[in-house]
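Chemist: using only what follows, build the 3D model:
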Amino acid sequence: MTVRKKWGLTITIAGLAALVCFFFAPDHLNPFSRTVALQGHTPSVVNEAELVSHANPGDVQTVVIGLALKNEADLEKLIDEQDDPNSPNYQKYLTTDEFKATYSPDQADVDAVTTWATGAGLTVVDVSDNRTLIEIEGTTEQFEKAFQVKLNRYRLQRAGATGGTTEFTSNNSDPRIPAHLKSVIQSVIGLNTGAQFESHMRLAPSQPVSHLNMLQSRATPYGIGPQDVANVYNFPNDSNRNAAKKYSGAGRKVAIATAYTYNQSDVDDYWKQYGITRTGTIRNIYIKGQATQADTETTLDLQQLGAAAPGADILMYIAKDPAFTKFTKVFNQIVVDNEADVVSVSWGLCEVWTGSRQMKTEHNIFLQAASQGIVIFAAAGDDGAYDCRGMKQVQLAVDYPSSDPYVTAVGGTELFHRNGRRTSEKAWTGTGGGKSSEYKRKTWQVGAGIPAGDERVTSDVSMAADPYTPYSILFEGKWIASGGTSISAPNWAALWIMSTEAAGKRIGSGNARIYRMGNSADYSKLFYDVTQGDNGDGRGPGYSAGTGWDHPTGWGAPNGVNILNWLVTDVTTRKAAPAVVQPGANPGDTVLPSPDGQ
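Modeler: Numbering: from 1, shown residues only. Below is the predicted model:
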């Protein structure tokens with residue numbers, strides 16, 4: 001063999017070896033690794049903001065990587081079967097270990113992601129117990145190299161109740177990940193440091209208006225109190241003078257998902273003012289550190305829920321701040337702990353600002369909650385039918401997480417009452433409610449008033465929320481008047497936890513049961529049908545309230561005692577309907593009843 005041929009053969013072998021390395025070497029060792037874009041990760045807020053500069057390469061960020069579930073279609077089928085008395089899975093809710101074994105990502109998937117991340121110079125901080133979330137830390141420069149993005153500083157002037165100017169770091173293009181992880185990694189949360197939920201509490205006007213001769217802060221309480229709630233909405237607790245049998249949520253646990261913290265003296269003094277004797281416990285579970293800043297939202301959530309269900313044990317899952325990276329971990333810790341039967345959420349953001357990838361990762365968490373029989377109530381939003389306040393163009397939008405089909409969206413009303421008796425109630429113009437741009441409609445979302453289409457629509461239910469007819473709140477030792485769907489959500493959660501006490505077990509499949517109530521012959525006994533008003537919020541026509549279901553108020557405001565009795569009957573005595581043979585069918589053919597068994 002000539003020298004030239006030998007050299008040619010050597011080069012050929014070396015080339016083949018290089019190709020083998022290119023295709024089979026681990027991505028973190030391969031500088032030419034193939035990557036794919038995680039589409040849907042470029043925040044829309046970047047288009048609304050002003051570019052300030054490139055981010056400081058040495059700035060440290062924390063990012064949460066969301067992993068895809070296994071067998072998701074089977075999981076959704078199981079959740080449907082848990083509400084179907086014809087199924088052997090009826091009301092058989094999963095434990096966390098059962099969920100983890102069948103639907104969580106495999107450990108090998110977690111290992112593949114952490115190996116790539118550490119190889120890229122990033123630090124793995126935490127892996128969630130259900131293997132769905134991986135928290136990593138690194139500098140701007142490291143994240144830019146790992147995800148092949150540019151991170152910039154942006155300035156945003158946002159309108160709305162919070163308003164103001166904010167600066168944040170964000171990617172301006174979709175991150176890229178190794179191709180072999182494309183079926184494993186579902187989301188990257190935290191490249192946009194400004195992404196956070198907002199409180200759905202609205203203070204009453206600071207100056208007197210036509211039917212409110214009051215100031216924002218007072219020495220004595222003004223507005224709706226626990227006894228008003230209990231009597232107007234016929235809650236089955238001690239605050240309702242007409243309730244024959246009284247419940248308190250005793251022996252059950254309810255979670256509040258929130259941020260910042262609260263002053264214990266504010267909640268104790270609030271309950272003392274209204275004669276509420278608490279027998280249930282309160283436990284704080286801090287996520288990503290303990291804040292020192294007391295927050296009105298967290299305070300009012302605890303005051304309202306604790307007053308309406310004074311015997312329930314309340315689990316306060318408190319993020320240090322409402323950043324997406326922390327709130328996602330709050331939701332996940334609730335389902336991993338699996339202690340709470342019911343969850344109240346008074347924070348949210350419009351779907352566009354939230355982003356589809358963030359929503360998908362938390363949808364997985366809500367799927368786990370549903371499969372474990374946990375019911376979640378979330379505020380429907382306080383910006384009317386145009387939830388993305390601050391965008392350059394006003395457009396119809398709904399609030400998240402209330403738009404998720406495994407979350408019950410609680411809308412708001414304007415309530416007038418006298419001595420605990422309703423004189424009038426109509427839709428609050430600021431309540432959220434509309435059509436989701438992300439989620440499809442489930443089979444249970446049918447009934448009078450529900451528009452044609454296949455989108456998930458909100459709200460599902462409602463309660464008083466208008467800040468012009470406000471609730472009384474004690475914050476930092478002073479009485480303030482407040483509204484917002486953030487107040488209606490914890491009160492609905494309280495009603496559900498009292499019903500859970502009465503049933504003696506979890507009452508899962510929340511939305512499916514609510515829509516069965518709405519379609520039942522007992523509808524008018526279960527809900528006060530709010531038929532007037534709209535949620536235009538002064539920026540457009542919005543959606544109008546009407547007979548039956550509507551966007552601003554869902555099926556309406558609750559008749560608490562009757563809803564409790566209906567739920568207890570439904571969860572304890574609902575049976576599978578017998579199979580029937582239709583006329584003209586073959587002798588061996590049977591037609592099963594509808595999934596609701598009615």
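Chemist: residues in contact with Leu151?
Modeler: By CB atoms under 8 Å, 6 or more residues apart in numbering, Leu151 lies in contact with 54-55, 140, 143-144, 169-171, 191. Yep, even glycine has a C-beta here, placed from its N, CA and C like the rest.
Chemist: farthest pair in these?
Modeler: His54 and Leu191 (14.1 Å; CB to CB).
Chemist: what sits closest to Val229 if chain neighbours are left out?
Modeler: What sits nearest to Val229 in space, not counting adjacent residues and going by CB to CB, 6 or more residues apart in numbering, is Asn491, at 6.0 Å.
Chemist: give me the beta-bridge partners of Ile65?
Modeler: Counting by DSSP bridges, Ile65 forms beta bridges with Ile134, Val188.
Chemist: count of neighbours near it?
Modeler: By other CB atoms under 10 Å, 26 other residues sit near Ile65.
Chemist: ok, Gly504 next?
Modeler: Residues near Gly504, counting by other CB under 10 Å: 12.
Chemist: wait, what's in contact with it?
Modeler: By CB under 8 Å, 6+ apart, Gly504 has no neighbours at all.
Chemist: ok, 10 Å please
Modeler: 251-252, 568, 571-572 (CB atoms under 10 Å, 6 or more residues apart in numbering).
Chemist: distance of it relative to Ala312?
Modeler: Gly504 is 14 Å from Ala312, where distance means CB to CB, to the nearest Å.
Chemist: follow-up on the earlier one: I'd like the next helix or strand past whichever strand or helix holds the residue nearest to Val229.
Modeler: Secondary structure from DSSP states H and E places Asn491 in helix 485-503. Downstream of helix 485-503, the next assigned helix or strand under DSSP H and E is helix 510-518.
Chemist: and the average pLDDT for that following helix is what?
Modeler: Per-residue pLDDT over helix 510-518 has a mean of 98.
Chemist: relative to helix 485-503, how tilted is that helix?
Modeler: 80 degrees (axes from the mean of the first three to the mean of the last three CA atoms, to 10 degrees).
Chemist: for stretch 109-119, C-alpha coordinates in PDB please.
Modeler: Only the C-alpha atoms of stretch 109-119 are listed here, as PDB (Å, rounded to 0.1, in the frame of the first residue of the first chain):
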ATOM      1  CA  ASP A 109     -35.200  11.600  32.500                       C
ATOM      2  CA  VAL A 110     -34.300  13.700  35.500                       C
ATOM      3  CA  ASP A 111     -30.700  12.400  35.400                       C
ATOM      4  CA  ALA A 112     -30.500  13.300  31.700                       C
ATOM      5  CA  VAL A 113     -31.500  16.900  32.400                       C
ATOM      6  CA  THR A 114     -29.300  17.400  35.400                       C
ATOM      7  CA  THR A 115     -26.300  15.800  33.600                       C
ATOM      8  CA  TRP A 116     -26.700  18.300  30.700                       C
ATOM      9  CA  ALA A 117     -27.200  21.200  33.100                       C
ATOM     10  CA  THR A 118     -24.200  20.600  35.200                       C
ATOM     11  CA  GLY A 119     -22.100  19.900  32.000                       C
END
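Chemist: now what about that stretch, what contacts it?
Modeler: Contacts for stretch 109-119 (CB under 10 Å, 6+ apart): 26-30, 33, 63, 65, 67-68, 70, 104-106, 122-124, 127-128, 131-134, 136-138, 142, 146, 177-178, 180-181, 183-185.
Chemist: can you point me to the longest strand in the chain?
Modeler: For the chain, the strand that runs over the most residues, judged by DSSP state E, is strand 408-418.
Chemist: mind listing the helices for the stretch 151-300 of the chain?
Modeler: For the stretch 151-300 of the chain, helices defined by DSSP state H, counting those that start in this stretch occupy the ranges 226-232, 264-273, 296-308.
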